[in-house]
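Undergrad: model this:
(2 chains)
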Amino acid sequence: MSDNSHSTGQPANEDHENIVLKDDTEYGRQHEIIKQKQAEDRERAGDPAEPKVGVYICRCGGNISDVVDVERTAQIVGMVPGVTISKVHTFMCSDPGQHMISNDILENGLDRVVVASCSPFLHEQTFRGAVSRGNLNPYLYEHVNIREQGSWAHKHDPEGATQLAIRMITAAVGRLQNAQPLDLIKLPNHRKALVIGGGIAGMKAAAELAARGILVLLVESSGRLGGQLNERGRVYPSETMASEIVADLEKQVRNNDKIDLLLNSKVTAVDGFIGNFRTVIEGPFGPAGGFDKRDALVGAIVLATGYRPYVPRDGEFLYHQDPCVVTTPEFIQMMQNMDPAAKSFEYNGRNIRSVAFLHCVGSRQLDGVHEPQPDGTLNKYCSRTCCSTILQQALALRKRFPKIQVYDFHRDIRTYGRGEEDYYINASKEGVVFFRFNGEDPPQVERTMDAKGHLPRSRKAGPITITVKDMLTWGEDLAVPVDMVVLGVGMTPSPIQDLIESIKLPTGEDHFLQEVHPKLRPVEVAVNGVLLAGTAQAPMNIQETLNAAGAAAVKAAAMFAHEMVELNPFVASVDSSLCCGEGICVTQCDYEGALQLVEKEVDGQTVQRAEVNAGLCVGCGACVPVCPHRALELNGWRLDQFESMVDGLMADIPHGDCQPELVHLG
Amino acid sequence: MPLSTATVLSKRIIKTVQGNARSIKGCSMADGFTPKILVLATEKCAYPGADAVGKAHLEYPSEVFILRVLSPVLFPEDFYLRAYSKGVDGIIIAACGSDCPYHGAYERLAKRIDDLTVHMKDGGLEIERIRLTAICTVCIKAFLKEIAEMEENLARLGPVNRTLAETLRQESRQRLVTSARYSLASTITTGERVAL
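TA: Modelled structure (predicted):
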């Protein structure tokens, strides 16, 4: 470290003005408070040359201590220069464990803390909290992973695991010697939400947000609210009319003074971060309804972009080759538009006497069995709603036209929700005939041919024949002639590639938007301030969609409960005393406005200096290594901290019976 | 610490005993080269990937040191060379690859590591000592494979030449300063973006 051109341990960024959003006086005031607190913290952070480090080693109830000799580890790290306390506890994360840390800081004046326990993803925040409660800046804390990457990964090498623990802790102590107190970056929170998509999910989210007093921009690309539900009739399991659900939600959304409804509009650009998303919306805002752009500053974004029904390829199960092969949404529309007085079912000049419903079209596709989509992927997922939809429609058809023979070809029947199993039971009772096929061996849908391979003259047998190896009759090959085939199509993600790219949204293998955690954080995405509502995330039925939309809205509302947005402090900072204003770093930054050269007064001369806008900096560190003067550092992840870690890892560690003196840093 | 022999494989015992003998302070080191590997693991991908290995109770040598980083694009060439000069035998940069959460960072990292390899090669430091790879959060096998391959390489190469590494580090610092001057002349006027 001696050759570094700057002194370590000095606060790098004297002028924190760079994190002020210039036009925001409120923030400026807030910033004064932060600055003052930082100065106090720095005072309390003590002299980095003589730190007082406390090391706490967790046994994890044996998970760690069965392998790592924690007592010896504590004894040896106690000899590392700067360590004043080293203790062992059975459960460091327990209340007594955390208390011990806070108390030691207060009573013994510790100014740095290391906890060696499990993975930082489990308890780093826990111990930062414990450190804060001891009135120490939470970033003067270092977490060492000696469980997932220690005892568990070196179970048969206890001595090695112990050595590793000692080295990793020594490294952490080194890292802390160059650590600086940091504070969360606070920025104004714009209490306005953008909801993209005016289907039921979008409307529900908008209504829920508005009910919590939050202004909402609801953007819908078509000219009509309701989305896919506009294409539906009665919906399971309540048998409510879809139009009633849409009308109910529409009533809550329209004429709501909190909701700004933009139809025929599209969000074309999004940048910024939680509390401060700058978006551009294109729509008929121009004079005389001409298309124009409009900027909107919002604090949160709810994605309710929904799904598109799977569209079978031309020729897939005779789709688009026989006029009586239709998809479920088409069939539902057909039934909706039918004359209520009709005595028989006529379609395309064909008298329909038998109808086959086919499950899993465009869902649960298998390698080598199904043809991939144009982009080469298969829809491997279950669309979850088609089984109940098919059974509901089959049942309705049987009830409406008891003479029509209804067949159901399924791989499995997944009527999983409350009230949905009844559709299966009732369909059986009403005489729907079930066939079951293997996924590897889907049924074939072909034109009916006579024995000579010609289209039959007689119209007695249906013009379409479905052949299936039926598992319900232990693999018998059956041929079923029918007049109409209804393809139970699944859900596919809406084409929102532009949004995915501009917001940098994560998508799953299935191309739907991906949540942070399927169970623990189901409506949040990795981009803070962006929430998922409904089928943009995965196939869901109406209930699930509205649940998700409600959750997303409440989550967004909770974000707005704070006046300021807190961002983690790991952003680049410039040491003005080292910066020469060459601007090489600026060329390395891909984030517009995050790193810029600005003019400054230094010793009566106007010079250029690099400046970081902490609100826009993402903390990647791409700018750091190009500075020949090391004027740039990434707060919390400084290069000298990493160098100290390497020194710690390579230190001479006393072993076994050899009587140790002090640990020598490399 | 007494060895729990019941569960310890004989190979491990030998290694551990050697390790003990080697590193007892003040005691002279006899033989047995155990390579020291530094893994720079990204917080979003490779670090949880390494956690997954431990969670699956799969093992790798204990002289593998995993450091958590936001993005390894942070490190200048001289950081790697300095690590070698301090006795690190091999470095694995376990990044996110195309899953990198930072725009353009992975491409920059790849370019920088390319340049580093060229300089190592020119300077006579074995390029097998550095490896850039992408490890995902559940890439257990890939992680173990990378470690095994690096171990194999290092067993063949032996300990790193620390003096050479230190010389290269100093050269690298010098180069950074020089190239900065050069690019200053070319960029500021044209306003072009240059990759260093």
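
Undergrad: Tell me the pLDDT of residue A:250.
TA: As predicted, residue A:250 sits at a pLDDT of 97.

Undergrad: you'd agree residue B:56 is up against residue B:138?
TA: No - counting by C-beta atoms under 8 Å, residue B:56 stays clear of residue B:138, with 9.7 Å between them. For glycine as for every other residue, the C-beta is placed from the backbone atoms N, C-alpha and C.

Undergrad: Strands along the stretch 401-550 of chain A, start to end?
TA: With strands called from DSSP state E, counting those that start in this stretch, the stretch 401-550 of chain A shows them at A:405-410, A:433-436, A:444-447, A:464-470, A:476-482, A:484-489, A:491-493, A:530-532.

Undergrad: okay, those in a markdown table with mean neighbour count and distance to residue A:302 next?
TA: Shown next, in a markdown table, are the strands of the stretch 401-550 of chain A (neighbours: other C-beta atoms under 10 Å in any protein chain shown; distance: least, C-beta to C-beta, whole Å):
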| stretch | mean neighbour count | distance to residue A:302 |
| --- | --- | --- |
| strand A:405-410 | 22 | 35 |
| strand A:433-436 | 18 | 40 |
| strand A:444-447 | 16 | 41 |
| strand A:464-470 | 20 | 43 |
| strand A:476-482 | 15 | 44 |
| strand A:484-489 | 27 | 27 |
| strand A:491-493 | 24 | 17 |
| strand A:530-532 | 27 | 5 |
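
Undergrad: Residue A:155 is nearest to which of the ones you listed?
TA: Residue A:155 lies closest to strand A:530-532 among the strands of the stretch 401-550 of chain A, at 39.6 Å (C-beta to C-beta).

Undergrad: Now do the closest one: distance to the chain's middle.
TA: Distance of strand A:530-532 from its chain centroid, counting by C-alpha atoms, centre = their mean, to the nearest Å, is 8 Å.

Undergrad: neighbours of the closest residue to chain B within the stretch 451-600 of chain A, just the number please.
TA: Residue nearest to chain B within the stretch 451-600 of chain A: residue A:590 (4.0 Å; C-beta to the nearest C-beta). Counted by other C-beta atoms under 10 Å in any protein chain shown, the residues lying close to residue A:590 total 17.

Undergrad: Quick check: it vs residue A:554, distance?
TA: Using C-beta to C-beta, to the nearest Å, we find residue A:590 at a distance of 34 Å from residue A:554.

Undergrad: now do residue A:140
TA: Separation of residue A:140 from residue A:554 (C-beta to C-beta): 35 Å.

Undergrad: Kindly report the same for residue B:89.
TA: Residue B:89 is 53 Å from residue A:554, by C-beta to C-beta.

Undergrad: out of the two, which sits in the more crowded spot?
TA: Neighbour tally, residue B:89 and residue A:554, criterion other C-beta under 10 Å: the higher count belongs to residue B:89, 25 against 16.

Undergrad: Now the more buried one. Its backbone dihedrals?
TA: phi -90, psi -30 (degrees, to the nearest 10).

Undergrad: For residue A:427, find the nearest of the strands of the stretch 401-550 of chain A.
TA: Set against residue A:427 and scored by C-beta to C-beta, the strands of the stretch 401-550 of chain A come closest in strand A:405-410, at 7.1 Å.

Undergrad: Please enumerate the strands of chain B.
TA: For chain B, applying DSSP state E gives strands covering B:37-42, B:64-69, B:90-95, B:130-134.

Undergrad: shaky segments in chain B?
TA: Residue ranges of chain B with pLDDT under 70: B:1-31, B:180-196.

Undergrad: Which residue ranges make up each domain of chain A?
TA: A:192-306+A:494-561, A:314-490 (automatic domain parsing).

Undergrad: if you compare those domains, which one is most tucked away?
TA: domain A:192-306+A:494-561 (a mean of 20; mean count of other C-beta atoms under 10 Å in any protein chain shown).

Undergrad: in the stretch 201-350 of chain A, what residue is nearest chain B?
TA: Closest point on the stretch 201-350 of chain A to chain B, by C-beta to the nearest C-beta, is residue A:271, at 11.0 Å.

Undergrad: May I have the phi/psi pair for that residue?
TA: When read as degrees, to the nearest 10, the backbone of residue A:271 gives phi -150, psi 180.

Undergrad: from memory it sits against residue A:277, does it?
TA: Yes - look at residue A:271 against residue A:277 with C-beta under 8 Å: they come within range, at 7.3 Å.

Undergrad: What is the neighbour count of the closest residue to residue A:184 other than its chain neighbours?
TA: Nearest residue to residue A:184, sequence neighbours excluded (C-beta to C-beta, 6 or more residues apart in numbering or on different chains): residue A:566, at 4.1 Å. When neighbours are counted by other C-beta under 10 Å, residue A:566 registers 14.

Undergrad: What does residue A:566 show for phi and psi?
TA: phi -100, psi 130.

Undergrad: Can you give me the pLDDT of it?
TA: 83.

Undergrad: and it, what is it in contact with?
TA: A:184-186 (C-beta atoms under 8 Å, 6 or more residues apart in numbering or on different chains).

Undergrad: again with residue A:194
TA: Residue A:194 neighbours (C-beta under 8 Å, 6+ apart): A:216-217, A:219, A:267, A:277, A:279, A:296, A:298, A:300-302.

Undergrad: For residue B:91, see how far away residue B:123 is.
TA: Residue B:123 sits 15 Å away from residue B:91, going by C-beta to C-beta.

Undergrad: Compare neighbour counts for the two and give me the winner.
TA: More neighbours surround residue B:91 than the other of residue B:123 and residue B:91, with 25 against 16 (other C-beta under 10 Å).

Undergrad: The more buried one contacts residue B:37, doesn't it?
TA: Yes - using C-beta under 8 Å, residue B:91 is in contact with residue B:37, at 7.3 Å.

Undergrad: how deep is residue B:103 tucked in, by neighbour count?
TA: The burial count for residue B:103: 15, using other C-beta under 10 Å.

Undergrad: Nearest spatial neighbour of it, chain-adjacent residues omitted?
TA: residue A:590 (4.5 Å).

Undergrad: residue contacts, that neighbour?
TA: A:622, B:102-105.

Undergrad: Same question for residue A:281.
TA: A:217, A:219, A:262, A:265-268, A:293-296.
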